[in-house]
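In: sequence plus predicted model, see below.
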Amino acid sequence: MRGKGYEEIAQHYPHPGWVEHDPNEIWSAVQVSARRALESASAKPRDVKAIGITNQRETLVLWDRRTLAPIAPAIVWQDRRTASLCADLRADGHEPRVTELTGLRLDPVAPSTPWSRR
C-alpha cells in the first residue's frame, strides 16, 4: 500500500431504530478520500495500478435512473425499519426463496432482502 485516504460522514437518526446516511455526502467523502490517498502516496491518477475500497456492504441507496440523483437517504445496516416486514415475510414462508435469490436470510441488517420478492 502506497497511500490511503479517509473521510468521516454523518449518521442521521430520523426516527427511533432508523439509521441513514446522505448519499451525496458518501460520494463527496469517496472523492475526498481518493484525493487524500493520492496525496499520501505522492501519486497522480495515472500512477494508480489498483484501488481497495472498504465500505459497510449492507447499506442501501436507490438512484434515479434518469437524473442519477439519490431517491432517498441511504439506509444503513444498523437500521431496523424493515424488522416487521422481515418477520411478516418469514411468517408467510418467503425466507427460503429470498435466501435462494440473495444468499441471505431475512434480516433488517441486509436492507435489500425484504424487497427481493418485488
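Out: Received, thanks.

In: so what pLDDT did Ala10 get?
Out: For Ala10, the model assigns a pLDDT of 96.

In: within the helices and strands, which one has the closest residue in space to it that isn't next to it in sequence?
Out: In space, and not counting its chain neighbours, Ala10 is closest to Glu25: 6.7 Å by CB to CB, 6 or more residues apart in numbering. Backbone N, C-alpha and C define where each C-beta goes, glycine included. In the assignment (DSSP states H and E), Glu25 maps to helix 23-40.

In: remind me what that helix packs against, helices and strands.
Out: Applying 3 or more CB pairs under 8 Å, 6 or more residues apart in numbering; DSSP states H and E, we find helix 23-40 packed against no helix or strand.

In: for Leu60, grab phi and psi.
Out: phi -110, psi 130 (degrees, to the nearest 10).

In: doesn't Ile75 make contact with it?
Out: Yes. Leu60 is within contact range of Ile75, at 4.6 Å (criterion: CB atoms under 8 Å).

In: hang on, the earlier thing: mind pulling up the pLDDT for the residue nearest to Ala10?
Out: Reported pLDDT for Glu25: 95.

In: and the residue nearest in space to the middle of the chain, how far from Val32?
Out: By CA atoms, centre = their mean, the chain has its centre lying nearest to Thr59, at 2.5 Å. Distance of Thr59 to Val32, given as CB to CB, to the nearest Å: 18 Å.

In: and the helices in the chain, which stretches?
Out: For the chain, the helices defined by DSSP state H cover 23-40, 83-91, 95-102.

In: do you know which of those helices lies nearest Ile9?
Out: helix 23-40 (5.0 Å; CB to CB).

In: distance between the closest one and the chain's centre?
Out: Computed by CA atoms, centre = their mean, to the nearest Å, the separation of helix 23-40 from the middle of its chain amounts to 16 Å.

In: ditto for stretch 71-83
Out: When C-alpha coordinates are averaged (CA atoms, centre = their mean), stretch 71-83 and its chain have centres 9 Å apart.

In: and what of stretch 11-21?
Out: Worked out by CA atoms, centre = their mean, stretch 11-21 lies 14 Å from the chain centre.
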